[in-house]
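1. quick one: sequence plus predicted model below, questions after.
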Amino acid sequence: MSKIELIATTTFGLEAVVAQEVKDLGYEEISVENGKVTFTANESAICRANLWLRTADRVRLKIGEFEAVTFDQLFEKTKSLPWSDLIPGDAAFPVDGKSVQSTLFSISDCQAIVKKAVVESMKKRFQTEWFKEDGPLYRIEVSMLKDLATLTIDTTGPGLHKRGYRTAGSEAPLKETLAAGLILIARWQPDIALVDPMCGSGTIPIEAALIGRNIAPGMNRTFVSEQWPTIPRELWREARKETHDRTDYNRELDITGTDIDNSLIENARKNAAEAEVEDQIHFQARPLSDLSSKKKYGKVICNPPYGERLSSIKAIEKLYQQMGKQFKKLETWSYYIITAHENFEVLFGKKASKRRKLYHGNIKVQYYQYFGPRPPKR
């Protein structure tokens, strides 16, 4: 592999954030569509993108893209792709599929056709009629969108939100990738105080600490493509060395996470210890009514309950009213709140400076952003 195309998939609303992350890694040939960012790179980008992308869901290797309105077209065009250059003869290569507004709407049929086409493509190269599939995993996906077929191989394995540090959780945990997105959208900088007054199991403070110290989110986990013989092991060694070289272990941060539930705070501390950032986050069990800071400037970023963690809508609405009163005390701070409640601004008592539509799982949410005054330049 020399020049390759990679697709960083993402939740809707975070595409621009992922695109910026890709640019920050040094890759310029980028196209952005709903739910994905495609970029051209060399094969070392498979390693670096998996290790460094904070807000993407996974990284896929794009094999081909073409129009297909019949199963014959899907079969022949899939068969013509260079599968045997990428997949070794002993590999396991299951096929996943999805179809949106396509003539070929049967996902199971698309999967079966693609599987058959890949097998036929590989038979000649490996001189066999049957593949054991007991080697490394190359999970193929056929994505049909308005008759455009995109064939990819997953390079990630378990999704990129699986950082490896969350050993204890809460009832409705925020995905690590979305938490990182909230922080990046808020443009938090490591020299600014950050408080999450409803931190649950600590995902937002932990992701902030990883960002603040420039710790690669994939540093402490493995990826399915690390087992691929088609990617030289030296590339993975170099990429992992880069994660250590770029980490600023001495950076001091001012991050606080609080929650009224003491058991969640204990979980948050355990998770922070797993992420090796416990020394940079102050976790404390305390109610929202105790929210305060001696710092003149800072950012509040939080994921309050919005119907998933509290059964009573009235309790949620009362909480939002309380938030409005408490946050007002930090008059020179900026605050950022994600919620699915449609009347949040009314209950909070203030119209947001900016809002952004995102998705928390399958729940459509709004990210309300309230900008405080800019801190004076040092």
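-> Cool, the structure landed.

2. report pLDDT for the nearest residue to residue 29 once chain neighbours are set aside.
-> In space, and not counting its chain neighbours, residue 29 is closest to residue 40: 3.9 Å by Cβ to Cβ, 6 or more residues apart in numbering. Where C-beta positions appear, they are placed from N, C-alpha and C, glycine not excepted. For residue 40, the pLDDT comes out at 96.

3. partner residues bridging residue 40?
-> residue 5 (DSSP bridges).

4. dump the residue contacts of it.
-> Contacts for residue 40 (Cβ atoms under 8 Å, 6 or more residues apart in numbering) come out as 3-6, 27, 29.

5. look up how far residue 24 lies from it.
-> Distance from residue 40 to residue 24, counting by Cβ to Cβ, to the nearest Å: 16 Å.

6. ditto for residue 3
-> 20 Å.

7. again with residue 247
-> Distance from residue 247 to residue 24, counting by Cβ to Cβ: 15 Å.

8. neighbour-wise, which of the two wins?
-> Using other Cβ atoms under 10 Å, the more surrounded residue of residue 247 and residue 24 is residue 247, with 15 against 10.

9. the more buried one reaches residue 214, doesn't it?
-> Yes: with contact defined as Cβ atoms under 8 Å, residue 247 reaches residue 214; the gap is 5.6 Å.

10. re earlier: do you know how far the residue nearest to residue 29 is from residue 359?
-> Applying Cβ to Cβ, the value for residue 40 to residue 359 is 27 Å.

11. what about the closest residue in space to residue 71 that isn't next to it in sequence, neighbour count?
-> Closest residue to residue 71 apart from its sequence neighbours, by Cβ to Cβ, 6+ apart: residue 113 at 5.3 Å. The local packing of residue 113 (other Cβ under 10 Å) involves 23 other residues.

12. got a list of what residue 113 touches?
-> 71, 74-75, 78.

13. ok, residue 126 next?
-> 84, 89.

14. how much space separates it from residue 85?
-> 12 Å.

15. just residue 322 next, same as before
-> Counting by Cβ to Cβ, the gap from residue 322 to residue 85 is 60 Å.

16. go on, residue 274?
-> Distance of residue 274 to residue 85, given as Cβ to Cβ: 39 Å.

17. the more surrounded of those two?
-> Each of residue 274 and residue 85 has its neighbours counted (other Cβ under 10 Å); residue 274 has more, 17 against 10.

18. buried ones in whichever helix or strand residue 19 is part of, by neighbour count?
-> Per DSSP states H and E: residue 19 is located in helix 15-24. For helix 15-24, a neighbour-count test (16 or more other Cβ atoms under 10 Å) marks 15-19, 21-22 as buried.

19. for stretch 46-54, same thing?
-> Residues of stretch 46-54 classed as buried: 46-54 (neighbour count, 16+ other Cβ under 10 Å).

20. any chance of those residues in CSV, plus secondary structure, pLDDT and distance to residue 286?
-> Shown next, in CSV, are these (DSSP: H, G, I helix; E, B strand; the rest coil; pLDDT from 0 to 100; distance: Cβ to Cβ, whole Å):
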residue, secondary structure, pLDDT, distance to residue 286
46, helix, 98, 44
47, helix, 98, 42
48, helix, 98, 40
49, helix, 98, 39
50, helix, 98, 38
51, helix, 98, 36
52, helix, 98, 35
53, coil, 98, 34
54, coil, 98, 28
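
21. and which of those residues is nearest to residue 122?
-> residue 46 (21.0 Å; Cβ to Cβ).

22. wait, that closest one sits on residue 6?
-> Yes: between residue 46 and residue 6 there is a contact at 6.8 Å, judged by Cβ under 8 Å.

23. overlap in contacts of the two?
-> Common neighbours of residue 46 and residue 6 (Cβ under 8 Å, 6+ apart) are 59, 61, 155.

24. so how many other residues sit close to the second one?
-> Here the count is done by other Cβ under 10 Å, and residue 61 has 24 residues near it.

25. grab the nearest non-local neighbour of it.
-> residue 153 (4.6 Å).

26. just the CA trace of whatever helix or strand that neighbour lives in, in PDB.
-> Element membership for residue 153 (DSSP H and E) is strand 148-154. Output in PDB follows, covering the C-alpha atoms of strand 148-154 (Å, rounded to 0.1, in the frame of the first residue of the first chain):
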ATOM      1  CA  LEU A 148     -23.500   4.200  -4.600                       C
ATOM      2  CA  ALA A 149     -21.600   1.200  -3.200                       C
ATOM      3  CA  THR A 150     -18.700   1.900  -0.900                       C
ATOM      4  CA  LEU A 151     -16.500  -1.000   0.100                       C
ATOM      5  CA  THR A 152     -14.300  -0.700   3.100                       C
ATOM      6  CA  ILE A 153     -12.300  -2.700   5.700                       C
ATOM      7  CA  ASP A 154     -12.400  -1.800   9.300                       C
END
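
27. from the contact counts, what lies against it?
-> Here strand 148-154 touches strand 58-67, helix 71-79, strand 140-145, going by 3 or more Cβ pairs under 8 Å, 6 or more residues apart in numbering; DSSP states H and E.

28. who are the packing partners of the helix or strand that that strand is followed by?
-> Later in the chain than strand 148-154, the nearest helix or strand by DSSP H and E is helix 176-185. Contact here means 3+ Cβ pairs under 8 Å, 6+ apart; on that basis helix 176-185 packs against helix 15-24, helix 203-212, strand 334-339, strand 354-360, strand 363-370.
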